[in-house]
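K.L.:
Structure for the following, please:
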Amino acid sequence: MKQSFDIAVIGATGTVGETLVQILEEREFPVASLHLLASIESAGHSVPFKGKNVRVREVDEFDFSKVQLVFFAAGPAITRSYAARATAAGCTVIDLSGGLPAEQAPTIIPEVNAALLGALRKPYQIASPSPSATALAVVIAPLRALLGVVRVNVTACLAVSSQGREGVAELARQTAELLNVRPMEPRFFDRQMAFNLLAQVGTPDTQGHAPLEKRLVTELRELLAMPLLKVSATCVQAPVFFGDSFSVSLQLSGAVDLAAVNAVLEAAPGIELIEAGDYPTAVGDAVGQDVVYVGRVRTGIDDPEELNLWITSDNVRKGAALNAVQVAELLIKDLV
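P.N.:
Here you go, the predicted structure:
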C-alpha cells in the first residue's frame, strides 16, 4: 500500500498557498490528512481539495505533532514564529518565504541541486527560493559546465501577484477605474500601477537595493554554488497579474558557442526553449505551465563573451508552489 502523509499548509488562503494545495491534488501527492492554516484574519475560509472544501484554521492554535510535513507559504515573520515549533514536533519544514537562514535551511531546486538533500538529516528544514531565483537558476545552472559565467545582469519584470492578493486586486481596481474614466487614487501601491512600470518593488535599503533584489542575489549564488558570482539585479513592478519576465545578460570568460548553448538548453529539464525568431511571453506561454520559457538567445552586439536571454515563468506556480511540492516529492521516501 502506498504510504501517505499528514501535511499542513500555512498561508493556505494566499495565491501561492492555494496554488500549492491545487498542485498537491494535481500531482496526486500522497496526502493522508491536509491541515490548512492561516492568520486569525483568514481562519474560517475554505479551500477546495479533492472535491471537498477544507476549512482553514488559525495557525497559532495548531498542534504540529499531528503532521509530518509543513509548507510555509506565508510571510517570513510567520516562518520565523512557527518553524521552530514545527521542527521541535518532528516535522519536515519547506519554507517558501525566505524566512530561514541558509545555514539552517538550504535552498533547493530539484533541477539544479537536488543532490544536496542526501546530506541532510531529519527533521528537514529546506528553503524553496523566490520565483525570480528559481527561473534564473533553472536556466543558468545547466550552462555552468559550458560557459565560464563571470557576471549576471538581470532586470526582473515582476507580476503584481508577487505582492499577493492585494497586489492583484489593486491592479484590477486601478485598471477598471481608469478604463471607466473615473478618478483613481492609489491604495496598495504608492502610485499608479495600471498601464505603468514601477522602478522598485518594496522599500529599498540605504544603498538603494530592495529586499527582493538582495534575496535574488543571495539565493542565486547559493543555488549555483558560486558564492563569489557577481550579480546585478533590478526588480521592476510590471502591470501584469501573473507571470514574471526577465532580461538577462551573462558576462563570460570566453566566446559563446550559440549552437552549444541552444543544445544544452534544449536538453535541460524544466526548460522550454523557443526557437530563434520567436519569443515567449508570460501571458501567452508561461502562466499555468510547469516549465521556464527561454527565448531571444544571442550574443552581445559587439561582445562575443556576452550571452543575452529572455526568460518567462509563472511566478506563483513554477516559481513557488510547484518547486516546493517537487522538493517534497523527493523527500517523502525518507519521511516515514
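K.L.:
Beta-bridge partners for residue 58, please?
P.N.:
residue 38 (DSSP bridges).
K.L.:
Touching, it and residue 38? I think so.
P.N.:
Yes - Residue 58 lies in contact with residue 38 (CB atoms under 8 Å); the separation is 7.3 Å. Every C-beta, even on glycine, is put in place using the N, C-alpha and C of the backbone.
K.L.:
who's more crowded, the two?
P.N.:
Using other CB atoms under 10 Å as the criterion, residue 58 and residue 38 rank with residue 38 on top: 24 against 14.
K.L.:
doesn't residue 8 make contact with that one?
P.N.:
No - checked against CB under 8 Å, the pair residue 38 and residue 8 is beyond contact range at 10.9 Å.
K.L.:
Contacts only, for residue 271.
P.N.:
By CB atoms under 8 Å, 6 or more residues apart in numbering, the contact set of residue 271 is 138-139, 142, 265, 291-294.
K.L.:
ok so residue 83 is a strand residue?
P.N.:
No - counting by DSSP: H, G, I helix; E, B strand; the rest coil, residue 83 is not part of a strand but helix.
K.L.:
Distance of it relative to residue 297?
P.N.:
The spacing between residue 83 and residue 297, counted by CB to CB, to the nearest Å, is 40 Å.
K.L.:
These two: who's more crowded?
P.N.:
residue 83 (23 against 19).
K.L.:
Kindly provide the distance from the nearest residue to residue 95 once chain neighbours are set aside to residue 320.
P.N.:
Among residues not flanking residue 95 along the chain, residue 72 sits closest, at 4.4 Å (CB to CB, 6 or more residues apart in numbering). Noted for residue 72: a distance of 12 Å to residue 320, by CB to CB.
K.L.:
what's the overlap in contacts for those two?
P.N.:
By CB under 8 Å, 6+ apart, residue 72 and residue 320 have these common neighbours: residue 96.
K.L.:
So these two - more neighbours on which side?
P.N.:
Shown here are residue 72 and residue 320; by other CB under 10 Å, residue 72 has more neighbours (31 against 27).
K.L.:
which phi and psi does that one have?
P.N.:
With angles defined as degrees, to the nearest 10, residue 72 sits at phi -100, psi 100.
K.L.:
got the contact list for it?
P.N.:
10-11, 78-79, 82-83, 93-97, 99 are the contacts of residue 72 under CB under 8 Å, 6+ apart.
K.L.:
what pLDDT, on average, does the particular helix or strand that has residue 157 in it get?
P.N.:
Assigned by DSSP states H and E, residue 157 belongs to strand 149-158. Across strand 149-158, the average pLDDT comes to 97.
K.L.:
and what of stretch 163-173?
P.N.:
So the average pLDDT for stretch 163-173 ends up being 94.
K.L.:
Please save the CA atoms from it in CSV.
P.N.:
Taking Å, rounded to 0.1, in the frame of the first residue of the first chain, the C-alpha atoms of stretch 163-173 are listed here in CSV:
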residue,chain,number,x,y,z
GLN,A,163,2.7,41.2,-3.8
GLY,A,164,-0.1,38.7,-3.0
ARG,A,165,-3.8,39.0,-3.4
GLU,A,166,-3.7,42.7,-2.5
GLY,A,167,-1.5,43.4,-5.5
VAL,A,168,-3.7,41.6,-7.9
ALA,A,169,-6.8,43.3,-6.5
GLU,A,170,-5.2,46.7,-6.7
LEU,A,171,-4.2,46.4,-10.3
ALA,A,172,-7.7,45.2,-11.2
ARG,A,173,-9.2,48.1,-9.4
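K.L.:
With that, I have no additional questions.
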